[in-house]
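# quick check, what structure comes out for this input:
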Amino acid sequence: MSFLYPSFLFALAAIAIPIIIHLFNFRRYKTVYFTNVRFLREVKEQTDSRSRLKHLLILLCRILSIIFLVLAFAQPFIRNKSTAVNTGKKAVSVFIDNSFSMGQLVADVPLIEQAKLKAREIVTAYAADDEFQLLTGDFEGSHQRLVDKDEMLNLIKEVQPSTKSRSFSDIISRQMQALNKSNASQKVIFTLSDFQKNFSDFSLLKTDSNFQINIVPLTPKITANLYIDTCWMESPVQIRGQVNTLLVRIRNAGDLPVENGRLTLQVNNQTKAISNFSVAASSFVIDSISYTITETGWSRAELSIIDHPITFDDTYFLSYAVSEHVNVLEINESQFSPYLNALFGNNEFFIFQQVPYNQLNYADLFRHQFVILNGLKQLSTGLSAELKKFVEQGGNLLVFPDANADISSYNALLQLLGSDLISAFTMQKKTVSKVNNLDPLFSDVFQQVPQNMSLPQASGSLSLTKRTTTTSMPLLTFSDGSFFLNKYAVGGGLFFLSAVPLDKSYTDFPVNPLFAPLIYRMAIFRESSPANALVIGHNNLVGIPADLSHSDQVLRLSSLSDEFIPPQRLIGNQVIVNISNEINQAGMYALKDPNGIEQAVVAMNYDRLESDLRFLSMEELLTAGKQLNIRVIQNYKRDLSNVIAGQGLGLPLWKVSVIFVLLFIALEIVLLKFWK
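Now for the predicted structure:
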């Protein structure tokens, strides 16, 4: 056994005090006066030997009390012979998990507050001249510096819950980076967390023998949690007057089923629909909720359920744009199509523009959602490049080649779009025999597919040369298996390629019953729509169509309580806005131009990683720690300053000494009071 402060052992000389008191006090006789001999009958006989034993036991209790009191001040410890005593300056990094899951109550105290208390105990265990670093899930730049002991204790007090959720491997890597800035001889890492399973990626951790890693698992109270996982729209395009259906995935992370739960939908602060659902234990259900779209412009939708005590994931925000019009552009060689004009010209929902090829302004392409190339004999490389950008940025393109078209110029465009290539036009009568009604494009075209439906015919068509790396999806197919109309997904848009010209001399397609609904669907259908809901903390980039006449415009991101200018840059015909790090509160945020006009509404949601309340058991942590040479402090309710002292010097015994002091004092009191 060794002593941390051996100089206190000189105080053992105080043992002489009770000995002196014993020698001069207990030998004195006590005189008892009485007036009547009858009181002698009540006197209990006491022998000299019993009195002497009592006095000796009291003396022994006092001597031992003094001895253990002196030992407590000397702080004895049993040295751990297998571990060398650590000396020299130390650099200590402490991570406090401040994610949402740490908000659970244990003994009516949030887990994050217990983590802060244990962090202070860790810091207290080290010397005043050691260096410290605090890290939280926010990964703040100010937390990458090393501070002294007093500042570290102040920083710990300021830790607050955060929306951020980090992986264990990223945390340890960040702590190592900070400690590498120190020239201390010892570098120690502590991680205080509840160790959710989706947080604890021990398999990706890269350890370093220069760092001593300690983990402190804070055991939470396992709580059932019901939450909205995600939501998406059945139709990628929203049109005023149509019935819109939302598909909502609700998860039950508890061990008991949930019956008759209630899902509420609000759109623009008005309750639109209420749906009941049931979900089995440790499972999920996809519920649908429908309503009619009544407004154009940007809409703000909010889905909510009721669940306690974890509530951050009970609300899901999403936004969507309802177009008042769809802009359609026809580019023709010289003569405009009467069929397209009849289709779009008299429909108020579509703004239809017809432009000759030689008068086309390429910038006009990006002001439209649907572009039709009709009967062009040759395509320039400039137009092909702009059409590629147009489709990649979410536009839909339909191509009706001319019967005498320059095949090589068309194939140059098709190669840019990654589609199949076409070959020479041949005159041969064919009839469409197959309609791919399983494709989403046909979802609203047929309520029921007629058995004897009249299908398009053609007297001549282009042939198709198949490529192995295309996203080809046939929509209409001839009876010999050759294509009539194909669909290709390109970037965020769609490309439609016809094998026949839009000319009644070659096909009856313009007057076929399929023509109008199919072309309408091409105009409004989107293979992918902009993200309706974003996740806080992820890499969130939002593209806004740019007004090229004001290329220096600055967009502002605003909520009901805050407004700021996010990072943004102009790329092509879009302003790309980065909103990855500025938002910490879930809700709706509007992107406004300098005139205060809403260009987009962004819905931000909390990360659902924190909703999965599954934690690593102590056995799993010990197994992972043993494999990676990580120390696991099993009982976090102990005073960690003593635990750390035990790791560095050995097993501390001062608390044991204090217990013995109290024990012998109590024993002395018992002897004096009850031994008569």
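# all helices in the stretch 51-200 of the chain, in order from the N-terminus.
111-124, 149-157, 168-179 (DSSP state H, counting those that start in this stretch).
# then the chain?
16-25, 48-74, 111-124, 149-157, 168-179, 338-344, 362-365, 381-392, 407-416, 515-524, 618-628, 640-648, 654-674 (DSSP state H).
# what residues does the first one touch?
If I follow you right, that is helix 16-25. By Cβ atoms under 8 Å, 6 or more residues apart in numbering, the surrounding residues in contact with helix 16-25 are 55, 58, 59, 62, 63, 66. Where C-beta positions appear, they are placed from N, C-alpha and C, glycine not excepted.
# returning to that earlier point: reformat the helices of the stretch 51-200 of the chain as JSON lines; add mean neighbour count.
Output for the helices of the stretch 51-200 of the chain, formatted as JSON lines (neighbours: other Cβ atoms under 10 Å):
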{"stretch": "helix 111-124", "mean neighbour count": "20"}
{"stretch": "helix 149-157", "mean neighbour count": "16"}
{"stretch": "helix 168-179", "mean neighbour count": "19"}
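# can you list those in CSV and add mean pLDDT and distance to residue 598?
What follows is the helices of the stretch 51-200 of the chain, written out as CSV (pLDDT from 0 to 100; distance: least, Cβ to Cβ, whole Å):
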stretch, mean pLDDT, distance to residue 598
helix 111-124, 94, 37
helix 149-157, 94, 40
helix 168-179, 94, 36
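# output the ones you listed as JSON lines; include the columns distance to residue 384.
Listed next are the helices of the stretch 51-200 of the chain as JSON lines, based on distance: least, Cβ to Cβ, whole Å:
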{"stretch": "helix 111-124", "distance to residue 384": "57"}
{"stretch": "helix 149-157", "distance to residue 384": "58"}
{"stretch": "helix 168-179", "distance to residue 384": "44"}
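# so which residue is smack in the middle of the protein?
residue 607 (3.0 Å; Cα atoms, centre = their mean).
# of the contacts of helix 16-25, buried ones?
58, 59, 62, 63, 66 (16 or more other Cβ atoms under 10 Å).
# how much space separates the last one from residue 10?
To tie it back to what came earlier, the one meant is residue 66. Counting by Cβ to Cβ, to the nearest Å, the gap from residue 66 to residue 10 is 13 Å.
# what of the second one?
When distances are taken as Cβ to Cβ, residue 59 and residue 10 turn out to be 22 Å apart.
# same thing with residue 641?
Applying Cβ to Cβ to residue 641 and residue 10 gives a distance of 27 Å.
# between these two, who's got more neighbours?
Regarding residue 641 and residue 10, a neighbour count based on other Cβ atoms under 10 Å identifies residue 641 as having more, with 17 against 10.
# contact partners for that one?
121, 122, 124, 125.
# now those residues in TSV, with distance to residue 483?
Formatted as TSV, those follow (distance: Cβ to Cβ, whole Å):
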residue	distance to residue 483
121	73
122	69
124	76
125	75
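# distance of the residue lying closest to residue 230 once chain neighbours are set aside relative to residue 228?
Once flanking residues are discounted, residue 230 sits nearest to residue 249: 5.2 Å by Cβ to Cβ, 6 or more residues apart in numbering. Using Cβ to Cβ, one gets 7 Å for the distance from residue 249 to residue 228.
# comparing those two, which residue is more hemmed in?
Each of residue 249 and residue 228 has its neighbours counted (other Cβ under 10 Å); residue 228 has more, 22 against 17.
# domain ranges for the protein?
Here the domain parsing of the chain from automatic domain parsing is 2-81+654-674, 90-222+614-648, 226-323, 326-524, 534-605.
# from the chain's centroid, how far away is the second one?
Spelled out, it's domain 90-222+614-648. Put simply, domain 90-222+614-648 sits 20 Å off its chain's centre (Cα atoms, centre = their mean, to the nearest Å).
# and if you look at the fourth one?
Using Cα atoms, centre = their mean, we find the averaged C-alpha position of domain 326-524 to lie 41 Å away from the chain's own average C-alpha position.
# kindly report the same for the last one.
Its chain's C-alpha centre lies 20 Å from the corresponding centre of domain 534-605 when counted by Cα atoms, centre = their mean.
# give the contact list for the residue nearest to residue 18 when sequence neighbours are not counted.
Among residues not flanking residue 18 along the chain, residue 62 sits closest, at 3.8 Å (Cβ to Cβ, 6+ apart). By Cβ under 8 Å, 6+ apart, the residues touching residue 62 are 18, 664, 668.
# what is the nearest of those to residue 382?
residue 664 (98.5 Å; Cβ to Cβ).
# check which residues of stretch 177-193 are buried.
178, 179, 182, 184, 186, 187, 188, 189, 190, 191, 192, 193.
# as CSV, these with distance to residue 240 would be great.
What follows is these, written out as CSV (distance: Cβ to Cβ, whole Å):
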residue, distance to residue 240
178, 54
179, 59
182, 62
184, 66
186, 68
187, 62
188, 62
189, 57
190, 57
191, 53
192, 53
193, 49
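# around the nearest residue to residue 369 once chain neighbours are set aside, how many other residues sit close by?
Leaving aside its sequence neighbours, residue 369 sits nearest to residue 326 (Cβ to Cβ, 6+ apart; 5.2 Å). Residues contacting residue 326 under the criterion other Cβ under 10 Å number 20.
# separation between residue 74 and residue 655?
Taken as Cβ to Cβ, the span from residue 74 to residue 655 is 13 Å.
# brain fart, residue 628
Distance from residue 628 to residue 655, by Cβ to Cβ: 31 Å.
# buried residues, stretch 307-325. List them.
In stretch 307-325, counting by 16+ other Cβ under 10 Å, buried: 307, 310, 312-322.
# sorry, slip of the keys, the one I care about is stretch 223-234.
Result for stretch 223-234 [16+ other Cβ under 10 Å]: buried residues 224, 225, 226, 227, 228, 229, 230, 231, 233.
# which of those lies closest to residue 133?
Comparing those against residue 133 with Cβ to Cβ places residue 225 closest, at 32.6 Å.
# pretty sure residue 621 contacts residue 195?
Yes: using Cβ atoms under 8 Å, residue 621 is in contact with residue 195, at 6.4 Å.
# shared neighbours of these two, anything?
Common neighbours of residue 621 and residue 195 (Cβ under 8 Å, 6+ apart) are 215, 217.
# more neighbours, these two?
Set side by side, residue 621 and residue 195 show more neighbours around residue 195, with 25 against 19, by other Cβ under 10 Å.
# what's the closest residue to residue 404 other than its chain neighbours sitting at in phi/psi?
In space, and not counting its chain neighbours, residue 404 is closest to residue 377: 6.3 Å by Cβ to Cβ, 6+ apart. With angles defined as degrees, to the nearest 10, residue 377 shows backbone torsions of phi -80, psi -30.
# distance of residue 377 from residue 671?
From residue 377 over to residue 671 (counting by Cβ to Cβ), the distance is 118 Å.
# and the helices of the chain, which one averages the lowest pLDDT?
For the helices of the chain, the stretch scoring lowest in mean pLDDT is helix 640-648; its value is a mean of 69.
# of the helices of the chain, which is nearest residue 456?
Here helix 515-524 is closest among these (Cβ to Cβ), at 7.9 Å.
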